[in-house]
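# when you get a sec, could you give me coordinates for this:
(one chain, ligands or ions: 1)
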Amino acid sequence: MMTATRIQARSLNKQFTLHHQNGVQLDVLTDLNFDAQSGECLIFSGRSGSGKSTLLKMIYGNYLATSGSLQVKHGDEWVEMVAAAPRSVVELRRHSIGYVSQFLKTIPRVSTLNLVMEPALERGWSAEQARARAEELLSRLNIPERLWHLAPSTFSGGEQQRVNIARGFMVAWPVLLLDEPTASLDETNRAVVVELMQEAKAAGAAMVGIFHDAEVRQKIGDKQFNVSANEVSNHVQ
Ligand SMILES: Nc1ncnc2c1ncn2[C@@H]1O[C@H](COP(=O)(O)OP(=O)(O)OP(=O)(O)O)[C@@H](O)[C@H]1O
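Below you'll find the predicted structure:
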């Protein structure tokens, strides 16, 4: 499969200003350069506090870069995240970037099945198609069928995490961001998530993720970007 660049960071900087602490400035990311390609998984590594999560949040548009360029592919166009209007960020999130965080944001009274189906319905899938895919994912992720019609707000931490993963893998995202999706899962479910990531890669997703589990990194990673050292390597550790 031909790969295509879907994320491009150039001379990217992020500084936090602590307004409630005498305006102290923290230089978290300085002069970063990296690309992410379709059909590949780029792993963010680096010591704790080096800015891995901050960088993922910048790609998703939760945090704004201080300077430099961070472009994300949206269809045939590039969106410059450093200057993107909120409207384009919303568009980008609807069609081009999926995000699987460690925690599920539950909406009271919305059933698990509806929560998982939502990304597909937003893309115009029929209810039957969406339901079939959601049921397949929930089964594979070992969420008992008796829970499917309940809102996940009372589920265990691990169950909520797996519902979140099912939702994240519901549609084929051109760019898929993963923040510790396997943290606190048991071995069986971790293996399912690795399979889902492999399928997403084969479907052409450009995946970017943080994984503390070395085994997962080695199974899924193609390249590693060390955020502390600002260095891309083909060797995943
Ligand atoms: N909203 C914020 N305001 C101020 N400082 C922040 C904010 N978010 C993150 N930081 C700071 O930026 C630095 C990087 O944090 P980040 O969570 O991105 O690191 P990380 O590499 O993901 O760490 P870990 O591996 O421990 O999860 C930290 O020093 C943190 O205190």
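# now stretch 185-197: mean pLDDT?
pLDDT averaged over stretch 185-197 equals 95, rounded to a whole number.
# give the buried residues for it.
Of the residues in stretch 185-197, 185, 189-190, 192-194, 196-197 count as buried by neighbour count, 16 or more other Cβ atoms under 10 Å. C-beta here means a position set from N, CA and C on the backbone, and glycine is covered the same way.
# just the ones of those in helices?
Counting by DSSP state H, the part of the buried residues of stretch 185-197 found in helices is 189-190, 192-194, 196-197.
# the protein against the ligand: which residues are in contact?
Taking Cβ under 6 Å from any ligand atom, the part of the chain that reaches the ligand is made up of 16, 26, 28, 46, 48-54.
# would you list every one of the helices in this structure?
Applying DSSP H to the chain gives helices spanning 52-60, 86-95, 112-122, 127-140, 157-168, 187-202, 214-220.
# need those helices in JSON lines (columns: distance to Val232).
Below are the helices of the chain laid out as JSON lines (distance: least, Cβ to Cβ, whole Å):
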{"stretch": "helix 52-60", "distance to Val232": "13"}
{"stretch": "helix 86-95", "distance to Val232": "24"}
{"stretch": "helix 112-122", "distance to Val232": "30"}
{"stretch": "helix 127-140", "distance to Val232": "32"}
{"stretch": "helix 157-168", "distance to Val232": "25"}
{"stretch": "helix 187-202", "distance to Val232": "18"}
{"stretch": "helix 214-220", "distance to Val232": "15"}
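# convert the C-alpha atoms of stretch 164-183 to CSV, please.
This file holds the C-alpha atoms of stretch 164-183, laid out as CSV (Å, rounded to 0.1, in the frame of the first residue of the first chain):
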residue,chain,number,x,y,z
ASN,A,164,-14.6,3.9,24.7
ILE,A,165,-12.4,1.7,22.5
ALA,A,166,-15.4,0.2,20.7
ARG,A,167,-16.5,3.8,20.0
GLY,A,168,-13.1,4.8,18.8
PHE,A,169,-12.8,1.9,16.4
MET,A,170,-16.3,2.1,15.1
VAL,A,171,-15.4,3.8,11.8
ALA,A,172,-12.2,3.9,9.7
TRP,A,173,-10.5,7.2,10.8
PRO,A,174,-7.8,8.6,8.4
VAL,A,175,-5.9,9.7,11.6
LEU,A,176,-6.4,7.8,14.9
LEU,A,177,-4.9,9.1,18.1
LEU,A,178,-4.5,6.7,21.0
ASP,A,179,-3.7,7.8,24.6
GLU,A,180,-2.9,4.6,26.5
PRO,A,181,-5.8,2.6,25.2
THR,A,182,-4.6,-0.6,26.8
ALA,A,183,-3.8,0.8,30.2
